[in-house]
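Undergrad: With the sequence up front, the predicted model follows.
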Amino acid sequence: GEDVEQSLFLSVREGDSSVINCTYTDSSSTYLYWYKQEPGAGLQLLTYIFSNMDMKQDQRLTVLLNKKDKHLSLRIADTQTGDSAIYFCAEILNSGYALNFGKGTSLLVTP
Amino acid sequence: DTGVSQDPRHKITKRGQNVTFRCDPISEHNRLYWYRQTLGQGPEFLTYFQNEAQLEKSRLLSDRFSAERPKGSFSTLEIQRTEQGDSAMYLCASSPILDSLGQYFGPGTRLTVT
């Protein structure tokens, strides 16, 4: 299948905002997701956005969706060292159940 | 803890051996998924169950792979005649019938084929 694209690395200072970008492939995706994976751990569902929304805010997380460009972003406000992890965006494919993941963005938060 | 559990967490096997992994989903979730993740990649979809019915299999799931969910609760994934290319993290996820709530992943089983 086609690739969901994400930049591979991002480094920010503690307290700054982080913005992780993603370009997805399926314009008919009804839901788009952000997952977090810490070393040696499974994937933790962070948040999702329905395709008819432009923005969703959940505490320190803000998701922006641009359907025209098939662009999704995750903003983490006041980034902490505990936010260091790999972040994956995922689209739900036309089948309605399989998730198509990007390769992940490795976020490093430095003190 | 009522999350998705997987067993074993690690498996080392010799090439040509058969291996079986188990997944216990969140109890009220009737959908169950298997994914495979290799180093530096995102998870790739393998197969999907709704209750006990296997409704979709990816082309990644070769003839050597078989998955079951006999009573619509736990699931097993078996790999026969393992090859070195099968070395990966095998992830199980479950979800309720309402897709919007997302898929919840277990910790994974890391398979190493020597």
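TA: Received, thanks. Numbering: from 1, shown residues only, chains lettered A, B, ... in the order given.
Undergrad: quick one, what contacts the residue in chain A that chain B sits nearest to?
TA: Residue nearest to chain B within chain A: residue A:101 (3.0 Å; CB to the nearest CB). The way it works is simple: take the backbone N, C-alpha and C, and place the C-beta from them, glycine included. The contact partners of residue A:101, by CB atoms under 8 Å, 6 or more residues apart in numbering or on different chains, come to A:4, A:35, A:88, A:89, A:90, B:42, B:43, B:44.
Undergrad: just residue A:65 next, same as before
TA: A:32, A:49, A:51, A:53, A:54, A:55, A:71, A:72.
Undergrad: where does chain B have low pLDDT?
TA: B:1, B:98-100 (pLDDT under 70).
Undergrad: For it, which residue gets nearest to chain A?
TA: residue B:42 (3.0 Å).
Undergrad: Run through the residues that contact that residue.
TA: With CB under 8 Å, 6+ apart, residue B:42 has these contacts: A:4, A:88, A:90, A:101, A:102, A:103, A:104.
Undergrad: how about a cut-off of 7 Å?
TA: Contact analysis of residue B:42 by CB atoms under 7 Å, 6 or more residues apart in numbering or on different chains lists A:88, A:101, A:102, A:103, A:104.
Undergrad: And for residue A:19?
TA: Per CB under 7 Å, 6+ apart, neighbours of residue A:19: A:73, A:75.
Undergrad: name the helices or strands packed onto the helix or strand harbouring residue B:76?
TA: Assignment of secondary structure by DSSP states H and E places residue B:76 within strand B:75-79. With contacts taken as 3 or more CB pairs under 7 Å, 6 or more residues apart in numbering or on different chains; DSSP states H and E, strand B:75-79 sits against strand B:19-24, strand B:65-68.
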